[in-house]
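[1] Sequence isn't available, so here's the structure alone:
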């Protein structure tokens, strides 16, 4: 190695050139991009006030003539107008909303949404469906359903579109779309299922009664949560199947079953299917807690008796808190001898924590 | 002319409400709850007739502003319309119990808000 | 040419080769981050289709704030949490036996009232002396407990939390107002599978803060803090985003992470014997869930930011980094069975080995190189061309990686939005290669020495309080 260098000059310069040019590329792109975006931000900020004024005035006008306005705008101004449109559609409803929706058409957003729904990827489809909902774009329901067949990820946004646009049969079709397959839903999916069913939950109950035993555990729990929020069901709705869930081997399902029946104490089907005395001694503290919360809302003799029995025996401190809270004011007057040690400690804690605050006391 | 104070942290809401109310009312807008409370607290002899109050705001949230007004007889005649994106039953009950006159959820209809303001102030 | 000289030169080549392999891995990570940025931007553009503040299915969050001697910042911090834009929020501050006025500051600022009963369930922490609730802010509770360290304090908060998710944050940090809304995104997309998410951590020094909100973002004056700004951008933003896209996110920082409350209770909470309990918990969750074959998702969300105060003095910096390094060694040793095992999936097959190579051995080997290569030159075994190659490549590749981090930033959420700031960051990316990096390798060696000696101290950091401009 003596006399020759470890690395030849050629290699060194080659490596040097590669590293330097990589650095130059990354550095230039970074600076360039930052200058360009800063300039765009500045222009956008400058245009915003003036565009907003015109935007609000036209929104008020009987004939906003959006098309004429849009043709006058340059590229920056159009972008601002689109941003404002999106922001205001999230904030207003009624007459203003209808007027703004027409601006969306003038900006060509309906055409872009239709195109992206056909050609876009997962996120672009979502973008498209969001605008379709906002602008009330009339894409035939059958075509939306076809989109979901091709791309299951579109089901929740499509169901949302059906709900937002208040389409005929929205509840039935939307519920069907959401509950296809067995994967758990996103919060958008769960919320849409709820919104579609909250006034008349018949489609949800029908679907649940027929397929609950095929669903994955997490799907089943999600549907139970929606049922719990959506109630009250029609007295003829069959709810007996929820009673069967109390013998499920999964504590999570048993707890969800109890949560779903919060507020359903009046329902005869439920009363017939639920053996209060048996379920209140469930082996899982978490399930017992949920059952106590459920019984607390039922407010009848049998459930109060069950709760009173429970506070005498409950050993789990957190479940004891649920039982005491479920009894509400009644817990205050119970004699110490009627309470298990856990329930006594829980009562002390619950009463001290719910003492009215100063402002509440004034009221 | 009746005066209206708007408290909302969202700039577009302030712009929109000011635009909608400016023709019939004397409008002021603030962007956080602490500022809203300061304005009410220090100008008790020159109070607005009505506050349009948002809930989620920096400084003090709308509930806390309501709580402070609630125990204070200077604000007995002050009308408060809540205008917020929180739409759950508990939220509405909490605000009405703390003394709000009315409650509207976002997204909202400006015409409806105007009608409610008119009714409250007449 | 002596055989010692040959050996030195050979070691020099091995060190250089090692360095290139490690940084090659990093380069893949940073390129993955650029892809990640692209999807995140598209996702953000798609928007939300439902009313988050009115949905009964939006998960509630308990923010747990451990506070030990934080009288200077605690009130402002709690105020900033009360400002958070979030539908269902509870705040639990845990006063970890402070000897200063932390508790009394809180008491007078928020009208605290003691709950006059003992906590009825077992909390796996040092004894709790009292729990307070606030007359002024009904969603705030304060737990006063005997000192037990950060992990112990957070555990107390987790056991008292009422919401299905909890978020940890340091008392000296400030979350963006919409930060929590963004950080829970993965819990909304995949509510049944997501167990933990983390946001980006950035440097608060230099930013102006008013009433618990970041008013304007700027780079710190101090050179040391400026270098850390660059470093955080590379490691805690671009680096984590990249690892996340490679499904091997190994660390959710205690400074800003959201977790499922029931799961963390199930695994026993934070490990109090660890000095980097956040890293330990993340690895433990991976292990626990993989061993039970549960389908789960741990995700990094680049957009939400927590701003944290970094040390400006060399002594404090060195203390903090030695602790991190000791914690790293300790945690990696605890979970060594993960290495290379297919049953631990991507975290075991890619994440763990990459961490071992890059984070554990990387700085040690690099530091070793700084001694060996000049030595080889001094004894005449290595010539100028080798020196040039060695230092040229290490500096060149180092700058390149840092600049990639800045590129991701410029491409995405642009908190540093002025071209001058970007230019200064690029400058820091160059500067950190002269002195700062070498110093950090020395700190790693010191950390190793302390670890081997069995040192377990935390090393405190003094808080100066936020500048209220």
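    Arrived safely, thanks for sending. Because the structure is predicted, anything quoted here is derived from the model rather than measured.
[2] quick one: pLDDT of the residue of chain A found nearest chain B?
    The nearest approach of chain A to chain B comes at residue A:94, 3.2 Å away (C-beta to the nearest C-beta). Bear in mind the C-beta positions are built from the backbone N, C-alpha and C, glycine included. Looking at residue A:94, its pLDDT is 92.
[3] Contacts only, for it.
    B:109-112 (C-beta atoms under 8 Å, 6 or more residues apart in numbering or on different chains).
[4] neighbours around residue C:418, how many?
    16 (other C-beta atoms under 10 Å in any protein chain shown).
[5] Could you tell me which residues of the stretch 301-450 of chain C lie near chain A?
    C:382-386, C:388-389, C:392-393, C:396-397, C:399-400, C:403-404, C:406-407, C:410-411, C:414, C:417-419, C:422-423, C:426 (C-beta under 8 Å from any C-beta of the partner chain).
[6] Show me which of those residues are buried.
    Of the members of these, the ones counted as buried by neighbours, 16 or more other C-beta atoms under 10 Å in any protein chain shown, are C:382-383, C:385-386, C:388-389, C:393, C:396-397, C:399-400, C:403-404, C:406-407, C:410-411, C:414, C:418-419, C:422-423, C:426.
[7] So which of these are in strands?
    Taking DSSP state E, every one of these sits outside strands.
[8] quick one: what helix or strand has the residue in chain B that chain C sits nearest to in it?
    For chain B, the residue closest to chain C is residue B:87, as judged by C-beta to the nearest C-beta, at 3.3 Å. Element membership of residue B:87, judged by DSSP states H and E, is empty: it is in no helix or strand.
[9] residue contacts, it?
    Per C-beta under 8 Å, 6+ apart, neighbours of residue B:87: B:105, C:51, C:53-54.
[10] Pull up the residues of chain B that are close to chain A.
    B:10, B:12-13, B:15-16, B:19, B:67, B:70-71, B:97-98, B:106-112.
[11] which residue sits closest to residue A:40, ignoring its sequence neighbours?
    In space, and not counting its chain neighbours, residue A:40 is closest to residue A:76: 7.5 Å by C-beta to C-beta, 6 or more residues apart in numbering or on different chains.
[12] Now do the contacts for that neighbour.
    A:40, A:43-44, A:47.
[13] What subset of those is buried?
    A:43, A:47.
[14] Nearest to residue C:101 among the contacts of residue A:76?
    residue A:44 (46.3 Å; C-beta to C-beta).
[15] these two touch, right, that closest one and residue A:78?
    No - checked against C-beta atoms under 8 Å, the pair residue A:44 and residue A:78 is beyond contact range at 11.0 Å.
[16] what about residue C:243, distance to residue C:391?
    28 Å (C-beta to C-beta, to the nearest Å).
[17] Which one's more surrounded, those two?
    residue C:243 (24 against 15).
[18] Nearest spatial neighbour of the more buried one, chain-adjacent residues omitted?
    That would be residue C:249: by C-beta to C-beta, 6+ apart, it lies 5.2 Å from residue C:243.
[19] re earlier: which ones among the residues of the stretch 301-450 of chain C next to chain A are found in helices?
    Applying DSSP state H to these, the entries found in helices are C:384-386, C:388-389, C:392-393, C:396-397, C:399-400, C:403-404, C:406-407, C:410-411, C:419, C:422-423, C:426.
[20] Per-residue pLDDT of residue 2, please?
    No chain was given, so I picked chain A. For residue A:2, the pLDDT comes out at 45.
[21] my question was about chain B
    Reading off the model, residue B:2 has pLDDT 93.
[22] burial of residue A:248, as a residue count?
    Using other C-beta under 10 Å, residue A:248 is surrounded by 16 other residues.
[23] Disregarding residues adjacent in the polypeptide, which is nearest to it?
    residue A:254 (5.5 Å).
[24] Give me the phi and psi for residue C:20.
    The phi and psi values for residue C:20, taken as degrees, to the nearest 10, are phi -70, psi -40.
[25] Let me see the contact set for it.
    C:393, C:397.
[26] Check it and give its pLDDT.
    92.
[27] distance of it from chain B?
    Per C-beta to the nearest C-beta, to the nearest Å, residue C:20 is found 49 Å from chain B.
[28] What confidence value was assigned to the residue of chain B found nearest chain A?
    As assessed by C-beta to the nearest C-beta, chain A sits closest to residue B:109 within chain B, at 3.2 Å. Per-residue pLDDT puts residue B:109 at 96.
[29] Surely residue B:100 is in contact with residue B:66?
    Yes - using C-beta under 8 Å as the test, residue B:100 is close enough to residue B:66 to be in contact (6.1 Å).
[30] which residues are common contacts for those two?
    Counting by C-beta under 8 Å, 6+ apart, the residues touching both residue B:100 and residue B:66 are B:53, B:80.
[31] Pick out whichever of those two has more residues nearby.
    residue B:66 (25 against 21).
[32] Per-residue pLDDT of residue A:274, please?
    Confidence score, pLDDT, at residue A:274: 87.
[33] what sits against it?
    So, once contact is read as C-beta under 8 Å, 6+ apart, residue A:274 ends up touching A:243, A:246, A:261.
[34] mind redoing it with 7 Å?
    A:243, A:246 (C-beta atoms under 7 Å, 6 or more residues apart in numbering or on different chains).
[35] now it: how far from residue A:213?
    Taking C-beta to C-beta, one finds residue A:274 at 18 Å from residue A:213.
[36] Point out where the stretch 1-150 of chain A drops to low pLDDT.
    A:1-5 (pLDDT under 70).
[37] how about the helices of it, start to end?
    Using DSSP state H, counting those that start in this stretch, the helices of the stretch 1-150 of chain A run over residues A:9-60, A:66-72, A:75-89, A:95-106, A:109-119, A:122-135, A:141-150.
[38] circling back to that earlier point, which of the contacts of residue A:94 are buried?
    residue B:110.
[39] The contacts of residue A:94 in helices, which ones?
    Going by DSSP H, the helices hold B:110-112 from those.
[40] what's the closest of the residues you listed to residue C:150?
    Of all the ones in helices among the contacts of residue A:94, residue C:150 sits closest to residue B:110, with 49.7 Å by C-beta to C-beta.
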